[in-house]
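Engineer: attaching a predicted model along with its sequence, questions to come.
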Amino acid sequence: MDNESTLSTIYSEDVSLMVVILDINPLFWTSVNSNTNSLTFTKFMDQFLPLLNSVLLLNQLNEIVLIAHGINSCGYIYNSSMENRRGGKRGPAFFAEVSEKLKEFMEADCLHRKGAKSTSTIVPSLLSGSLSLALCYIQRVFRSRPIYPRPRILCLQGSPDGPEQYVAVMNAIFSAQRSSVLIDSCVLGLNSAFLQQASHITGGVYIKPQQLDGLFQCLSMVFATDVQSRSFLQLPKPAGVDFRASCFCHKTTISMGYICSVCLSIFCKRHKKCSTCGSDFNRPNSNSKSSPVQKSKRKLDDR
Ligand SMILES: [Zn+2]
Ligand SMILES: [Zn+2]
């Protein structure tokens with residue numbers, strides 16, 4: 001209770017800082033383009049940019065930070081608090097500016113990729129990097145201002161989860177939970193176990209819209225609402241959360257596996273040595289040589 005009352009004095013409750021993480025994975029958006037029924041990137045931007053504008057219009061003090069991530073890079077695209085100081089743009093000028101910056105970012109991300117071999121499957125985007133950037137920005141706001149807006153993160157994800165990012169993403173999720181930062185997720189492609197867990201753990205909303213044509217309505221009804229108002233609204237409830245983890249050896253999603261007792265790394269098969277911390281699973285304990293009980297146990301195991 002004490003904690004809650006101190007939080008309410010620090011936060012200005014109806015003012016939001018929304019950090020939007022946008023997946024601009026070119027492989028995902030070009031695969032979408034080939035399917036005529038689905039949402040193209042241009043159509044998506046037509047529905048997405050009004051969301052940013054409407055959040056800024058809901059309260060003059062609201063702030064928006066846009067972070068984009070592609071396959072190889074992530075970076076800040078737009079920060080409304082910095083733009084306001086420069087006499088920020090609104091309406092069409094704002095849309096044009098953000099679209100232009102996103103285009104530049106997408107081109108730069110593709111250049112990074114040039115060395116990589118081309119694949120037909122969609123390569124995962126750098127979600128972990130973007131989440132870390134978002135949390136770093138929020139921490140900076142926490143530390144640099146006496147009163148700050150209530151932060152939340154909105155992830156708009158299209159490409160599939162990258163199991164190799166499992167540890168980084170989970171660390172970011174727990175860090176967000178510790179700083180009471182909600183992670184909302186809107187998934188445009190396949191369901192994402194990472195984001196299901198992120199929203200579940202931090203108390204955010206996870207949705208996978210069925211009708212992408214009316215995406216703006218969905219985005220504005222669910223994600224434009226500030227954290228304070230959510231207690232009065234009936235927001236969509238998750239159908240289920242995929243709690244499975246990724247093994248560290250093959251980076252595949254597993255429901256059962258082996259865990260290193262030293263560093264908690266997860267493996268799908270039994271290994272002789274932990275690839276993360278180097279612990280030897282076959283080596284007996286240092287005092288086991290003098291212990292006959294341990295010795296006989298090992299002999300039994302060997303048979
Ligand atoms: Zn494995
Ligand atoms: Zn280990």
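Structural biologist: That came through, no problem. Ligands and ions are numbered 1, 2, ... in the order given.
Engineer: what residue in the stretch 101-250 of the chain comes nearest to ligand 2?
Structural biologist: residue 248 (8.8 Å; CB to the ion). Every residue, glycine included, has its C-beta placed from N, CA and C.
Engineer: what parts of the chain come near ligand 1?
Structural biologist: With CB under 5 Å from the ion as the criterion, the chain meets ligand 1 at residues 247, 249, 250, 268.
Engineer: circling back to that earlier point, right, and the residue of the stretch 101-250 of the chain closest to ligand 2 touches residue 265 too?
Structural biologist: Yes: contact criterion CB atoms under 8 Å: residue 248 and residue 265 qualify, at 4.8 Å.
Engineer: on that earlier part again, what count of nearby residues applies to the residue of the stretch 101-250 of the chain closest to ligand 2?
Structural biologist: When neighbours are counted by other CB atoms under 10 Å, residue 248 registers 22.
Engineer: hmm, back to that, give the residues shared as contacts by residue 248 and residue 265.
Structural biologist: 275, 276 (CB atoms under 8 Å, 6 or more residues apart in numbering).
Engineer: point out where the stretch 51-200 of the chain drops to low pLDDT.
Structural biologist: The stretch 51-200 of the chain contains residues with pLDDT under 70 at 84-91, 113-120.
Engineer: where along it do the strands fall?
Structural biologist: Secondary structure of the stretch 51-200 of the chain (DSSP state E, counting those that start in this stretch): strands at 63-69, 74-79, 148-157, 182-187.
Engineer: could I get these as CSV with distance to residue 57 and mean neighbour count?
Structural biologist: Below are those laid out as CSV (distance: least, CB to CB, whole Å; neighbours: other CB atoms under 10 Å):
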stretch, distance to residue 57, mean neighbour count
strand 63-69, 11, 24
strand 74-79, 16, 19
strand 148-157, 15, 24
strand 182-187, 19, 24
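Engineer: tabulate those (TSV), appending distance to ligand 2.
Structural biologist: Formatted as TSV, the strands of the stretch 51-200 of the chain follow (distance: least, CB to the ion, whole Å):
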stretch	distance to ligand 2
strand 63-69	29
strand 74-79	28
strand 148-157	30
strand 182-187	28
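Engineer: helices - which of the residues of the chain next to ligand 1 land there?
Structural biologist: In helices, judged by DSSP state H, none of the residues of the chain next to ligand 1 are found.
Engineer: buried members of the residues you listed into PyMOL, please.
Structural biologist: With 16 or more other CB atoms under 10 Å as the burial test, the buried ones among those are selected in PyMOL as follows:
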select buried, resi 247+249+268
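Engineer: count of residues packed around the closest residue to residue 265 other than its chain neighbours?
Structural biologist: Excluding the flanking residues, the one nearest residue 265 by CB to CB, 6 or more residues apart in numbering is residue 276, at 4.1 Å. Neighbours of residue 276 under the rule other CB under 10 Å: 16.
Engineer: not counting residues beside it along the chain, what's closest to residue 59?
Structural biologist: residue 15 (5.7 Å).
Engineer: quick check, that neighbour in a strand?
Structural biologist: Yes: assessed with DSSP: H, G, I helix; E, B strand; the rest coil, residue 15 lies in a strand.
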